[in-house]
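# turn this into a structure:
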Amino acid sequence: MKLYSLSVLYKGEPKAVLLKAAYDVSSFSFFQRSSVQEFMTFTSQLIVERSAKGSRASVKEQEYLCHVYVRNDSLAGVVIADSEYPSRVAFTLLEKVLDEFSKQVDRIEWPVGSPATIHYTALDGHLSRYQNPREADPMSKVQAELDETKIILARKQNSCCAVM
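Model prediction:
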């Protein structure tokens, strides 16, 4: 499970404006990193432009899953992850980031902002923290503990039956 990109955009008419983004392209070769990052930026903008306000969607692009959430106030977020990453956790992350962003960045800046002018520094932290969804998301952590408990109980049951 891997997160590659976390972006905040403004859905303008007719184009989407990238406001801030964080990328983890460390798994790509050094020479591919800039083109992979450009691809992720372009894909994020394109998906936001084609999504309706107030909608959430997951779009498959090659071996990646792009999760997009466009709020009614035109603020949008995109997570690009591998296909194993849980979509519920991706949408939880998007909701959290967009709520934080809207509280820290004045709404007047959204239509005219750019990554250089927007002062919001939490994206890199969120991207690294959510690399492991079990640690970042309480529901995933509980589910993992439940799965471990089931395995332990099944082993105990099997060992009890083997003794008899």
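# please make it C-alpha for all contacts and neighbour counts, starting now.
OK.
# tell me the secondary structure at His126.
Using DSSP: H, G, I helix; E, B strand; the rest coil, the structure places His126 in helix.
# quick one: it from Phe39, how far?
21 Å (CA to CA, to the nearest Å).
# ranges for the helices of the protein?
Per DSSP state H, the chain has helices spanning 33-50, 87-104, 123-129, 133-136, 138-163. These are given in chain order.
# make JSON lines from those and add distance to Ala21 and mean neighbour count to it.
Formatted as JSON lines, the helices of the chain follow (distance: least, CA to CA, whole Å; neighbours: other CA atoms under 10 Å):
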{"stretch": "helix 33-50", "distance to Ala21": "8", "mean neighbour count": "17"}
{"stretch": "helix 87-104", "distance to Ala21": "11", "mean neighbour count": "17"}
{"stretch": "helix 123-129", "distance to Ala21": "7", "mean neighbour count": "16"}
{"stretch": "helix 133-136", "distance to Ala21": "19", "mean neighbour count": "17"}
{"stretch": "helix 138-163", "distance to Ala21": "25", "mean neighbour count": "12"}
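# right, I'll call it a day here.
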